[in-house]
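> Sequence first, then the predicted structure:
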Amino acid sequence: MAERQTTVGAFVLGGALLGVTAIALFGQFHPFSPTSRAVVVFDSPINGLGVGAPVTFDGVQVGHVDHIAVQFDPQTHQAYIPVTLELQANGAHMAGSHGKVLDSRELPKLVENGLRAELHMQSFVTGQEEIDLTFDPSVPAHLHPGISPLPEIPARESEMQKLTDALTALPLKNIANNADAMLVSIRTLADKLDKDLPPLVDSVRATSDHTRVTVDTATDAIRDLDHHMDTTLASINNLADTGTAQLDARGSELHTLLVNSNETVTEAKGALAGLHDITAPSSADRSNIDSSLRDLAAAAAALRGFATDVERNPQLLLMGRRN
């Protein structure tokens, strides 16, 4: 009997040791690891954060959420949510020393150097959140003295919280109203186009048909005019050739006539010169003969000049001289 009790006791003790070991290895209970406690105070909702949620330092788990409470300040009418963290003191070490970064005594110095806490979405499916610690000296340390006796790690807004605040600040109602007004305007414009476009399209189609007929008519007229112009130009060329031939012929005949006229004038001048010799110097006939000789000389000179001009430009017979 005693042997059986001893066996049962050993079995129970072994099971208890295995249970403690399992909890130590896989749970949040670390009986052989020194821990420190700190608090993060949030002044906005922390939906999705619960007790036991992981606490990470730049993504590496260094603790868990131990307690969540709500405190109301009657003076400012502000509700605060202090979240108690249980940190593994040896979860991080200072380079070149054996100091424990997450020791409660070191936290105020780390806060001065920029240690901040923020909410991180652990799973978009379940909506669970965790707390991540990181260094960000650019964010001012906003502390809440009197909320908790534990060292406080200032909170900063996460990117998700910033996005949420930005979306909340958007004038969604005005945007929706403007969108409704725009849709109404678009619907009105569509109705007006449905009413006005068919007559306009018919008018454009009719105008296009008239324009096509006009262009075709003009094309036919230009084609006929081109044919008539070719005929007219051919006739003008024939007329010009005929006129040139006739001018050449008349020019030759006129040249012969002018030569004969010149010879006649010369003979008349000779005859008058003979009469000039047989008349008395003071007689009236002598004076008339001298005048006739001068006229014949001028006529002969004019005939010679005209003949020369006609030989150079036979068109003088048609167009005459231009001043």
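On my side now, so go ahead. Residues are numbered from 1 along each chain as shown.
> does residue 61 count as helix, strand or coil?
Using DSSP: H, G, I helix; E, B strand; the rest coil, the structure places residue 61 in strand.
> just checking, what packs against the strand or helix carrying residue 230?
Element membership for residue 230 (DSSP states H and E) is helix 172-278. Judged by 3 or more C-beta pairs under 8 Å, 6 or more residues apart in numbering; DSSP states H and E, helix 172-278 is in contact with helix 284-312, helix 316-319. Backbone N, C-alpha and C define where each C-beta goes, glycine included.
> So which residues of the stretch 51-200 of the chain form strands?
Secondary structure of the stretch 51-200 of the chain (DSSP state E, counting those that start in this stretch): strands at 54-57, 60-68, 71-73, 78-88, 115-121, 129-135.
> So which of these is nearest residue 39?
Taking C-beta to C-beta, strand 78-88 is the member of these nearest to residue 39, at 5.1 Å.
> re the thing from before, could you dump the strands of the stretch 51-200 of the chain to TSV with distance to residue 102, mean neighbour count and mean pLDDT?
Shown next, in TSV, are the strands of the stretch 51-200 of the chain (distance: least, C-beta to C-beta, whole Å; neighbours: other C-beta atoms under 10 Å; pLDDT from 0 to 100):
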stretch	distance to residue 102	mean neighbour count	mean pLDDT
strand 54-57	8	20	91
strand 60-68	6	18	91
strand 71-73	25	12	84
strand 78-88	4	19	90
strand 115-121	10	22	89
strand 129-135	9	20	90
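> wait, which of those is closest to residue 202?
strand 115-121 (61.0 Å).
> Show residues contacting the closest one.
40, 42, 46, 48-49, 56, 85, 107, 127-136, 139, 141, 153-158, 160-161 (C-beta atoms under 8 Å, 6 or more residues apart in numbering).
> Next, the angle strand 78-88 makes with that strand.
100 degrees (axes from the mean of the first three to the mean of the last three C-alpha atoms, to 10 degrees).
> change the start of the numbering to 53 and stick with it
Renumbered: residue one is now 53, and that last one reads strand 167-173.
> so the closest residue to residue 113 other than its chain neighbours bridges to which residues?
Ranked by C-beta to C-beta, 6 or more residues apart in numbering and with sequence neighbours excluded, the top spatial neighbour of residue 113 is residue 106, at 5.0 Å. Beta-bridge pairing for residue 106 (DSSP bridges): residue 116.
> so what's residue 106 up against?
Residues near residue 106 by C-beta under 8 Å, 6+ apart: 113, 115-117, 174, 182-183.
> could you redo the last one with a cut-off of 7 Å?
The contact partners of residue 106, taken as C-beta atoms under 7 Å, 6 or more residues apart in numbering, are 113, 116, 182.
> can you list the residues you listed in a markdown table and add distance to residue 346?
Shown next, in a markdown table, are the contacts of residue 106 (distance: C-beta to C-beta, whole Å):
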| residue | distance to residue 346 |
| --- | --- |
| 113 | 144 |
| 116 | 148 |
| 182 | 140 |
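> for those residues, which one is nearest residue 340?
Nearest to residue 340 out of the contacts of residue 106 is residue 182 (C-beta to C-beta; 148.8 Å).
> does the closest one have beta-bridge partners, and which?
Beta-bridge partners of residue 182, as defined by DSSP bridges: residue 172.
> With residue 94 instead?
Beta bridges link residue 94 to residue 133 when assigned by DSSP bridges.
> wait, isn't it in contact with residue 207?
Yes - counting by C-beta atoms under 7 Å, residue 94 does reach residue 207; the two are 5.6 Å apart.
> If you count surrounding residues, which of those two has more?
Higher neighbour count among residue 94 and residue 207: residue 207, with 25 against 20, using other C-beta atoms under 10 Å.
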